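K.L.:
Need a 3D model of the sequence below.
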Amino acid sequence: MRIAAGAGAILLALTGAAGAQQLDLGGLGQMSGSTVGTIIQLFGVITVLSVAPGLLIMVTSFTRFIIAFSILRAGIGLQSTPANLILISLSLFMTFYVMAPTFDRAWSEGVQPLMDNRIEQSEAVEKIADPFRTFMLDNVREKDFDLFADLARERGQTVSREEVDLRILVPAFMISEIRRGFEIGFLIVLPFLVIDLIVATITMAMGMMMLPPTVVSLPFKIMFFVLIDGWNLLVGSLVRSFT
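P.N.:
Residues are numbered from 1 along each chain as shown. I've put the predicted structure just below:
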């Protein structure tokens with residue numbers, strides 16, 4: 001909520017700044033450079049707000065959560081239960097829980113000073129981005145970071161881990177999260193695969209050729225997941241997997 005409120009406050013601040021300049025629509029052909037700059041800033045803020053869901057996926061822990069939950073549902077053999085809305089909502093709230101220190105730091109160091117007119121917009125953007133940069137650096141895989149760093153160096157760019165460009169860090173962080181999501185998914189699916197193999201062997205030995213083994217194993221997999229308190233174990237493990 002703080003991030004959404006901060007984004008709205010930034011937009012209102014920029015809108016107020018634009019209004020303070022008293023734009024004359026009749027003289028658009030004679031606009032000054034500062035007026036054009038303000039309009040470009042407004043378009044930039046509107047664009048950022050429109051792609052906010054994508055930014056949430058790219059720079060937070062959401063990717064790992066949703067991949068693990070999706071593989072869990074596929075491993076159990078359920079097509080639409082839990083529904084996508086439930087999985088996405090759970091992933092979002094877990095993301096807010098894990099990212100709470102990062103959000104609070106971005107608010108206190110960037111958004112709040114900007115709203116109080118204590119810092120400029122350019123400085124606020126850097127201070128808002130710094131907590132997310134720190135979070136991604138703590139969780140990115142070294143091999144993935146080195147891949148994009150080497151690609152940047154091949155183009156003549158200078159790469160410093162302490163002040164790495166987000167254009168290098170974000171894709172490296174995303175593929176790291178996708179990889180970890182699949183690793184966790186493999187561990188989730190493995191016990192369900194064992195149950196499928198056992199049920200398939202028993203049904204084949206009993207001569208039930210026309211009955212799909214997945215139909216028989218489904219209630220056993222659900223019961224197994226419930227008995228081991230699977231949601232508690234999975235959510236706890238996912239949260240603890242972040243440094």
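
K.L.:
And the pLDDT for the most centrally placed residue in the chain?
P.N.:
Computing the C-alpha centroid of the chain and ranking residues by CA atoms, centre = their mean puts residue 57 first, at 2.6 Å. Looking at residue 57, its pLDDT stands at 80.

K.L.:
In three-state terms, how would it be classified?
P.N.:
Per DSSP: H, G, I helix; E, B strand; the rest coil, the secondary structure class of residue 57 is helix.

K.L.:
Now it. Nearest residue, chain neighbours left out?
P.N.:
residue 63 (5.9 Å; CB to CB, 6 or more residues apart in numbering). Just so you know, the C-beta spots here come from the backbone N, C-alpha and C atoms, and that holds for glycine as well.

K.L.:
Next: residue 87.
P.N.:
Counting by CB to CB, 6+ apart, residue 69 is the residue found nearest to residue 87 once chain neighbours are left out, at 4.6 Å.

K.L.:
what residues are up against the one you found?
P.N.:
Contact analysis of residue 69 by CB atoms under 8 Å, 6 or more residues apart in numbering lists 82, 87, 90-91.

K.L.:
of these, buried ones?
P.N.:
By neighbour count, with 16 or more other CB atoms under 10 Å, the contacts of residue 69 hold 87, 90-91 as buried.

K.L.:
Burial check on the residue nearest to residue 57, number of neighbours?
P.N.:
Residue 63: 22 surrounding residues under other CB atoms under 10 Å.

K.L.:
I'd guessed it sits against residue 175; true?
P.N.:
No. Residue 63 is beyond contact range of residue 175, at 9.7 Å (criterion: CB atoms under 8 Å).

K.L.:
Show me what the helix or strand residue 54 falls within is packed up against.
P.N.:
Here residue 54 sits within helix 52-59, counting by DSSP states H and E. Contacts defined by 3 or more CB pairs under 8 Å, 6 or more residues apart in numbering; DSSP states H and E place helix 52-59 against helix 121-139, helix 166-205.

K.L.:
Against which helices or strands is the first one packed?
P.N.:
Spelled out, it's helix 121-139. Right, helix 121-139 is packed against helix 2-20, helix 52-59, helix 100-106, helix 112-115, helix 166-205 by 3+ CB pairs under 8 Å, 6+ apart.

K.L.:
Can I get the ones you listed in JSON lines including distance to residue 141?
P.N.:
Putting the helices and strands packed on helix 121-139 into JSON lines (distance: least, CB to CB, whole Å) gives the following:
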{"stretch": "helix 2-20", "distance to residue 141": "26"}
{"stretch": "helix 52-59", "distance to residue 141": "16"}
{"stretch": "helix 100-106", "distance to residue 141": "19"}
{"stretch": "helix 112-115", "distance to residue 141": "33"}
{"stretch": "helix 166-205", "distance to residue 141": "4"}
